[in-house]
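Q: Only the shape, not the letters, is given here:
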């Protein structure tokens, strides 16, 4: 089966600019997650979607971050305006259902550098 | 709140030696525990989960609810085991049904 696709792989922007990341989950996976992984730390959940609805966005900095999953398939994560501390790898993952017991499938991530 | 602690950022062992990667967790209910692995230049992938009681690539992990631990073990390490290992926890209800990761342990198996 095809994996979770993410683009771009790398992005360098200046602070205060905006950036968007795209994710295409595995076909049939209802649940989609965006994680932020700062260098030296484990992935931290930003937002969880179930189909096209938000399940949990409690750790999403909503003053600058936004995400959507139109039609319950692809998802886009946007940062506007970016700060230096947003430099991280942004991981998208999908699973067949909510909860970890089926395991998540991760994409290769987008490495964002804010200068 | 759910929390995962991996006390060792770096761990080096020689090929053929036993290896144990430590993981402790905090969760008020009965969690589901996982180990994920990331090999160099590859994506994060599931290694094993406690509910399956399986051995993958020679690795095993036992959930110890008394000590709230889920240590990953392998009796004889191989060079290809060198990777970043993350312990993760999922709650069993509502918004807790999402993975919380530890900070990871970089395992290096020396020849």
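A: Yes, it's here. None of these values were measured; they are calculated from a predicted model.
Q: Which helix or strand contains residue A:67?
A: Taking DSSP states H and E as the criterion, residue A:67 maps to strand A:65-68.
Q: what comes up buried for whichever helix or strand comes after that strand?
A: Per DSSP H and E, the first helix or strand lying C-terminal to strand A:65-68 is strand A:75-79. Residues of strand A:75-79 classed as buried by neighbour count (16 or more other C-beta atoms under 10 Å in any protein chain shown): A:75, A:77, A:79. For glycine as for every other residue, the C-beta is placed from the backbone atoms N, C-alpha and C.
Q: What is the burial count for residue B:59?
A: 20 (other C-beta atoms under 10 Å in any protein chain shown).
Q: Revised request: answer the last question for residue A:54.
A: 13.
Q: Show me what the lowest-mean-pLDDT helix or strand in chain A is packed against.
A: Here the helix or strand of chain A ranked lowest by mean pLDDT, DSSP states H and E is strand A:53-56, holding a mean of 90. When contacts are defined as 3 or more C-beta pairs under 8 Å, 6 or more residues apart in numbering or on different chains; DSSP states H and E, strand A:53-56 packs onto strand A:44-50.
Q: residues touching the spatially most central residue of chain A, list them.
A: Nearest to the mean C-alpha position of chain A, counting by C-alpha atoms, centre = their mean, stands residue A:34 at 2.8 Å. By C-beta atoms under 8 Å, 6 or more residues apart in numbering or on different chains, the contact list for residue A:34 reads A:23, A:45-47, A:67, A:75, A:77, A:90-92.
Q: Now with 10 Å, please.
A: A:21, A:23, A:43-49, A:57, A:60, A:65, A:67, A:69, A:75-77, A:90-93 (C-beta atoms under 10 Å, 6 or more residues apart in numbering or on different chains).
Q: How about residue B:80?
A: With C-beta under 10 Å, 6+ apart, residue B:80 has these contacts: B:15, B:39, B:57, B:109.
Q: at 8 Å what do you get?
A: Taking C-beta under 8 Å, 6+ apart as the criterion, residue B:80 is in contact with residue B:109.
Q: count of residues packed around residue 52?
A: Since no chain was named, I'll use chain A. With other C-beta under 10 Å as criterion, residue A:52 counts 14.
Q: Can you look at chain B instead?
A: Other residues within reach of residue B:52, judged by other C-beta under 10 Å, total 11.
Q: and what of residue B:107?
A: 21.
Q: Skipping adjacent residues, who's closest to it in space?
A: residue B:11 (5.2 Å; C-beta to C-beta, 6 or more residues apart in numbering or on different chains).
Q: cool, residue A:51 as well?
A: residue A:72 (4.0 Å).
Q: correct me, but residue A:73 touches residue A:26?
A: No. At 10.4 Å, residue A:73 does not count as touching residue A:26 under the criterion of C-beta atoms under 8 Å.
Q: the more surrounded of these two?
A: It is residue A:26, of residue A:73 and residue A:26, that has more neighbours when counted by other C-beta under 10 Å, with 17 against 14.
Q: quick one on the thing from earlier: now the strand holding residue A:67, how far from the chain's geometric center?
A: Put simply, strand A:65-68 sits 9 Å off its chain's centre (C-alpha atoms, centre = their mean, to the nearest Å).
Q: Who are the packing partners of it?
A: Partner elements for strand A:65-68 (3+ C-beta pairs under 8 Å, 6+ apart): strand A:44-50, strand A:75-79.
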